[in-house]
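A.B. asks: the following comprises the amino acid sequence and a computationally predicted model.
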Amino acid sequence: MSGSRSAGLRRLAGLLLLVACSEAPPEGGFTATGSVACEAAARSRWASSGRGYRKTAEYGLATSRWLGGLAGVAHAESVLVAFDLSQPQVLILDPGLERARSFGRSGDGPGELARFSPQMLSVTSPDWTAVRGDTIIVYDGERLSKFALDGRHLGYIAREGELARLAPGESRLRATPEGVFFPIGGYLSPETRPENPVPWSLKRLAGQMVYGVLDLSLPALPRRQGGSTVRVGLQAVPLWDVHGCCVIAADGQGRWLVRATTDGMNRDRIPVHLPDPRRSEAELAEERMLAGQASPGRTKLPEPTALRRIQALIVDPDGFVWLLPVQPDWRAASELEVYLVSLATAETVVDTVPSFPKVFGSSGTYYGEIRGPDREVVLARFDRVK
């Protein structure tokens, strides 16, 4: 076990304490309304426990297995469902990442999917794939479609209205027996007005009704000299997931997590101690270059109005929230520091993994996105070292 790993894995028992709802001041447009009880195991079966993880399979390097842009991965029974929105196609993979079948084609007809460019996917990083029972749900940027595991098109959940306006850039789908959860609003929404606080909402579709679950208010984007707004790299964005009857969310900048019941009736907040963001000079140079391409002669970026501390968030099946703090070159790093927070006790473990999970498999196995030698997208399987 490496010294950095043994140093990185440490228990912070008692570091996080539940905040009394009456004492928590409103922050991010959020006000606690009542305590929320979320279930979690005593420990996560996916924590490395100091043993580390190793890559055991990958999909995306060979020509016949090329991934143009990964728009979500979900676990269904004994297979993985991966949505490549640049093809576009839905891939059914076995646990070893061998392709069992695929379906989907570009178009506007029943069962067809809209095509996104890989460049757009690299900006928005959508997670537009969910599974409920034996039904696959995918969002292609225009409509929410249902498919059977064998590829049969089962119809649409929505082609217009609120459900067809998912929050781009902060987008994720989750499907549970209680409904389909989806966000609207956020910084990239066409309805966002730059001069006002930006609304972001999490909704739940149950039957034909859409219910509100959680609302956050985000600071307006920073402005360049001259008045135009810009979303800088360290501007915080909302992150969320669902576990059982609980919704977990963060505004990306606050040192806390929101817990809410899936019916939207109760919500509270637990603090989490995150480090200040760290970025490499290469990342900062790339950001300045992109800003210069968008606005020639204006390479100086304003400071973010909300400093991002959390890069990614996901909840494992044991009820632990995995947080990825902002850290240098996180997409290419061989070892990432992650925080695992128990939803039941708020106890935190700091761990290290080779890639942040996109979906969890059997105990001690998860799947994450890495980059190939030419920066191509690769879906990889990681197994805990025994």
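C.D. replies: Ah, there it is. Since the structure is predicted, the reported quantities are computational estimates derived from the model, not experimental observations.
A.B. asks: where's the closest residue to T176 other than its chain neighbours, which helix or strand?
C.D. replies: Leaving out its chain neighbours, the residue that sits closest to T176 by CB to CB, 6 or more residues apart in numbering is V242, at 5.9 Å. In short, each C-beta sits where N, CA and C put it, glycine included. Here V242 is covered by strand 239-243, with elements defined by DSSP states H and E.
A.B. asks: state the mean pLDDT of that strand.
C.D. replies: For strand 239-243, the per-residue pLDDT values average out at 95.
A.B. asks: same check on stretch 108-123?
C.D. replies: Confidence for stretch 108-123, expressed as mean pLDDT, is 72.
A.B. asks: against S217, how distant is the closest residue to G212 other than its chain neighbours?
C.D. replies: The shortest distance from G212 to any residue that is not its chain neighbour, by CB to CB, 6+ apart, is 5.4 Å, and that residue is G264. Distance from G264 to S217, counting by CB to CB, to the nearest Å: 16 Å.
A.B. asks: shaky segments in this structure?
C.D. replies: Confidence mapping of the chain against pLDDT under 70 gives the ranges 1-30, 116-125, 159-170, 188-195, 225-227, 231-233, 279-300, 328-333.
A.B. asks: am I right that V138 is in contact with E112?
C.D. replies: No - the criterion here is CB atoms under 8 Å, and V138 misses it with E112 at 11.6 Å.
A.B. asks: OK, contacts around the residue nearest to G212?
C.D. replies: For G264, the contacting residues are 204, 211-214, by CB atoms under 8 Å, 6 or more residues apart in numbering.
A.B. asks: which pair of the residues you listed spans the longest distance?
C.D. replies: Put simply, by CB to CB the two of those set farthest apart are Y211 and L214, 10.8 Å from each other.
A.B. asks: the more surrounded of those two?
C.D. replies: In terms of neighbours (other CB atoms under 10 Å), L214 is the more surrounded of Y211 and L214; the figures are 24 against 15.
A.B. asks: next, the buried residues of stretch 369-386.
C.D. replies: Of the residues in stretch 369-386, those with enough neighbours to count as buried (16 or more other CB atoms under 10 Å) are 369-370, 377-382, 384.
A.B. asks: just curious, which of the residues you listed is nearest to D94?
C.D. replies: Using CB to CB, R381 is the member of the buried residues of stretch 369-386 that sits closest to D94, with 10.4 Å.
A.B. asks: in contact with the closest one, which residues?
C.D. replies: With CB under 8 Å, 6+ apart, R381 has these contacts: 55-58, 95-97, 361, 365-367.
A.B. asks: leaving out the residues flanking it, which one is nearest to it?
C.D. replies: Closest residue to R381 apart from its sequence neighbours, by CB to CB, 6+ apart: A57 at 4.1 Å.
A.B. asks: next one: the one you found from L313, what distance?
C.D. replies: Summarising the geometry, the distance separating A57 from L313, computed by CB to CB, is 25 Å.
A.B. asks: higher neighbour count, these two?
C.D. replies: A direct count of neighbours by other CB under 10 Å for A57 and L313 places L313 higher, at 22 against 17.
A.B. asks: so which elements touch the strand or helix carrying that one?
C.D. replies: The secondary structure element spanning L313 is strand 310-315 (assigned by DSSP H and E). The helices and strands touching strand 310-315, judged by 3 or more CB pairs under 8 Å, 6 or more residues apart in numbering; DSSP states H and E, are strand 239-243, strand 246-250, strand 320-325.
A.B. asks: sheet-wise, list the partners of the longest one with their directions.
C.D. replies: I take that to be strand 320-325. Strand 320-325 has the following sheet partners, assigned by DSSP bridges: strand 310-315 (antiparallel), strand 336-342 (antiparallel).
A.B. asks: flag every buried residue along the longest one.
C.D. replies: In other words, strand 336-342. For strand 336-342, burial by neighbour count (16+ other CB under 10 Å) applies to 336-342.
A.B. asks: now the strands for the stretch 151-300 of the chain?
C.D. replies: Ranges of strands within the stretch 151-300 of the chain are 153-158, 174-176, 179-185, 198-206, 209-218, 239-243, 246-250, 256-261, 267-271, based on DSSP state E, counting those that start in this stretch.
A.B. asks: fine by me, we can end here.
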